[in-house]
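K.L.:
Sequence first, then the predicted structure:
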Amino acid sequence: MRTTVGIIGAGPAGLLLARLLHNAGIASVVLESRDRDYVERRQRAGILEQGTVDVLRAAGVGARMDREGLPHDGIELRFDRRRHRVDFPALTGGKQVMVYAQTEVCKDLIAAQLADGGPLLFEAEALAVEGADIDAPRVRFRRGGAEDVLDCDYVVGCDGFWGVARAAIPESLARTYERTYPFGWLGILADVAPSHDELVYARSDRGFCLLSMRSPSVTRAYLQVPADTDADDWSAEEIWDELDRRLEVDDPGWRLARGPLTAKSVTPMRSYVHEPMRHGRLFLAGDAAHIVPPTGAKGLNLAVGDVVTFARALAARLDKGDEGPLDAYSDTCLRRVWQAERFSYAMTTMLHRAPYASAFDDRVQLAALDRLTSSKAAEADLAEAYTGFPL
Ligand SMILES: Cc1cc2nc3c(=O)[nH]c(=O)nc-3n(C[C@H](O)[C@H](O)[C@H](O)COP(=O)(O)OP(=O)(O)OC[C@H]3O[C@@H](n4cnc5c(N)ncnc54)[C@H](O)[C@@H]3O)c2cc1C
């Protein structure tokens with residue numbers, strides 16, 4: 001098999017890249033190790049930055065998002081029994097975010113690709129990327145029990161943190177930067193209308209929690225828990241009780257609505273960056289190159305930024321013979337990646353209580369929140385980062 005761009009992975013990065021290339025008249029083949037059902041059901045991100053929303057619309061896959069997604073104009077911060085709303089459009093010149101689940105983004109992109117795009121092969125597991133540094137990249141993969149080879153002009157590794165593409169960059173050329181946090185997120189989905197119409201980020205002496213949503217009838221919520229927590233150790237009642245405690249606020253009119261849980265899992269918290277994001281004709285995009293803790297809602301949005309950058313750079317190469325944007329790919333992406341890493345780290349450390357936190361650390365967190373809620377400049381900084389850095 002031969003194509004212009006071999007894409008490994010059909011998460012948001014790989015699927016969107018295939019669509020952008022298709023729209024630009026560039027051939028691609030997507031290899032995805034899991035089956036379609038699995039990819040369409042994997043519960044993960046839910047917050048789309050303004051730039052991501054604009055890209056999906058421009059790519060022709062925004063119609064259902066615009067019908068079913070929930071545009072949000074702000075978030076609420078809770079701490080010290082207080083609540084404070086951050087108004088995004090007022091602080092950013094009109095930007096919003098959209099609540100629309102990653103599962104739905106993937107379903108829309110898969111449907112579009114299968115309708116009129118290049119091959120999207122499920123249950124096709126990439127085994128290795130070879131020849132990236134000698135201008136003859138190829139992906140060895142296994143499908144239906146047999147091994148095959150995809151010869152390409154370029155390979156883009158969109159295969160997530162546990163994929164194989166990154167391993168094709170020699171260790172001697174790579175630098176990695178990493179932080180693991182001593183806590184994780186116990187996440188739930190529940191069949192109950194969200195108790196607030198915007199996301200609530202709460203810092204309490206018992207730890208962090210986030211009250212979010214997937215739709216007008218589905219609540220998504222997260223509790224900070226120790227890193228080694230088993231989700232089955234928490235009953236539904238214990239989870240709701242703990243959310244209630246952490247969301248406590250001096251407002252007799254506010255109440256947390258409870259409902260039956262439909263999913264429960266623990267996500268580890270990690271920051272990770274692999275530099276460079278390019279080696280010869282192999283390019284890394286999304287979680288294959290970087291991970292952020294979910295506190296800043298940046299992972300999916302960074303993946304979108306990477307593939308938009310690659311698609312534009314490749315079009316410049318193929319249309320005008322301009323190699324410059326492809327050569328700059330890694331630096332261009334990393335600048336945005338590090339802004340997201342900085343923001344996600346700042347949100348995480350401001351809102352979570354580390355097991356070793358001292359009374360001093362608690363005071364510094366409260367001072368940071370006090371600053372945020374009393375300075376328009378500080379608030380605007382959060383709003384700009386949350387709604388997204390320019391693509
Ligand atoms: C609980 C949770 C909440 C999150 N919340 C948010 C949020 O609110 N906002 C946000 O922006 N981000 C969020 N994220 C992060 C976001 O989900 C990821 O950053 C995003 O999925 C990255 O997309 P990707 O396409 O790069 O990688 P992935 O989604 O990991 O996709 C990689 C794909 O490659 C496939 N693959 C792997 N290895 C191979 C192989 N060898 N051959 C072929 N295919 C392979 C995988 O099966 C997968 O389909 C969250 C993540 C989690 C876990």
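P.N.:
Good, I have the coordinates. Numbers count the residues shown, from 1 in each chain.
K.L.:
Can you name the residues of the stretch 151-300 of the chain that neighbour the ligand?
P.N.:
For the stretch 151-300 of the chain, the contact set with the ligand under C-beta under 6 Å from any ligand atom comprises 158-160, 163-164, 187, 267, 286-287, 294, 297-300. The way it works is simple: take the backbone N, C-alpha and C, and place the C-beta from them, glycine included.
K.L.:
Out of those, who's the most crowded?
P.N.:
Counting neighbours by other C-beta atoms under 10 Å, residue 158 comes out on top of these with 33 neighbours.
K.L.:
of all the residues of the stretch 151-300 of the chain next to the ligand, which comes closest to residue 50?
P.N.:
For these, the minimum distance to residue 50 (C-beta to C-beta) is 12.3 Å, reached by residue 297.
K.L.:
Skipping its backbone neighbours, what lies nearest that closest one in space?
P.N.:
Leaving aside its chain neighbours, residue 297 sits nearest to residue 47 (3.8 Å; criterion: C-beta to C-beta, 6 or more residues apart in numbering).
K.L.:
What of residue 349?
P.N.:
Going by C-beta to C-beta, 6+ apart, residue 349 has residue 365 as its nearest residue, at 7.9 Å.
K.L.:
Over to residue 41?
P.N.:
With C-beta to C-beta, 6+ apart, the residue lying closest to residue 41 is residue 103, at 6.3 Å.
K.L.:
Checking the strand or helix carrying the one you found against the ligand, do any of its residues make contact.
P.N.:
Per DSSP states H and E: residue 103 is located in helix 102-116. Yes: judged by C-beta under 6 Å from any ligand atom, helix 102-116 comes into contact with the ligand at residue 102.
K.L.:
Okay, buried residues for that helix please.
P.N.:
Neighbour-count burial for helix 102-116, counted by 16 or more other C-beta atoms under 10 Å, picks out 102, 103, 104, 105, 106, 107, 108, 109, 110, 112, 113.
K.L.:
packing partners for that helix?
P.N.:
When contacts are defined as 3 or more C-beta pairs under 8 Å, 6 or more residues apart in numbering; DSSP states H and E, helix 102-116 sits against helix 12-23, helix 36-41, helix 63-68, strand 120-121.
K.L.:
among the ones you listed, which is the most enclosed?
P.N.:
Neighbour counts (mean count of other C-beta atoms under 10 Å) averaged over each of the helices and strands packed on helix 102-116 peak at helix 12-23, with a mean of 26.
K.L.:
The ligand contacts on the stretch 1-150 of the chain?
P.N.:
The stretch 1-150 of the chain comes close to the ligand at residues 8-14, 31-34, 39, 44-47, 102, 125-126, as judged by C-beta under 6 Å from any ligand atom.
K.L.:
Show me which of those are buried.
P.N.:
Counted by 16+ other C-beta under 10 Å, these give 8-14, 31-34, 39, 44-47, 102, 125-126 as buried.
K.L.:
can you map out the helices along this protein?
P.N.:
Taking DSSP state H as the test, the helices found in the chain are 12-23, 36-41, 50-58, 63-68, 88-92, 102-116, 236-246, 299-320, 324-327, 329-351, 359-372, 376-387.
K.L.:
I'd like to check the angle between the first one and helix 299-320, please.
P.N.:
It refers to helix 12-23. Here helix 12-23 runs at an angle of 30 degrees relative to helix 299-320 (axes from the mean of the first three to the mean of the last three C-alpha atoms, to 10 degrees).
K.L.:
okay, helix 12-23 in CSV with CA atoms only?
P.N.:
Provided in CSV are the C-alpha atoms of helix 12-23 (Å, rounded to 0.1, in the frame of the first residue of the first chain):
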residue,chain,number,x,y,z
PRO,A,12,-9.0,13.3,17.5
ALA,A,13,-5.6,14.1,16.1
GLY,A,14,-5.4,11.4,13.5
LEU,A,15,-9.1,11.7,12.4
LEU,A,16,-9.0,15.5,12.1
LEU,A,17,-5.7,15.4,10.2
ALA,A,18,-7.2,13.0,7.7
ARG,A,19,-10.1,15.3,7.2
LEU,A,20,-7.9,18.4,6.8
LEU,A,21,-5.7,16.6,4.3
HIS,A,22,-8.8,15.3,2.4
ASN,A,23,-10.2,18.8,2.2
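K.L.:
check contacts around the closest residue to residue 148 other than its chain neighbours.
P.N.:
Distances taken as C-beta to C-beta, 6+ apart place residue 141 nearest to residue 148, at 5.8 Å, with adjacent residues excluded. Listed by C-beta atoms under 8 Å, 6 or more residues apart in numbering, the contact partners of residue 141 are 31, 124, 125, 126, 127, 147, 148, 149, 150.
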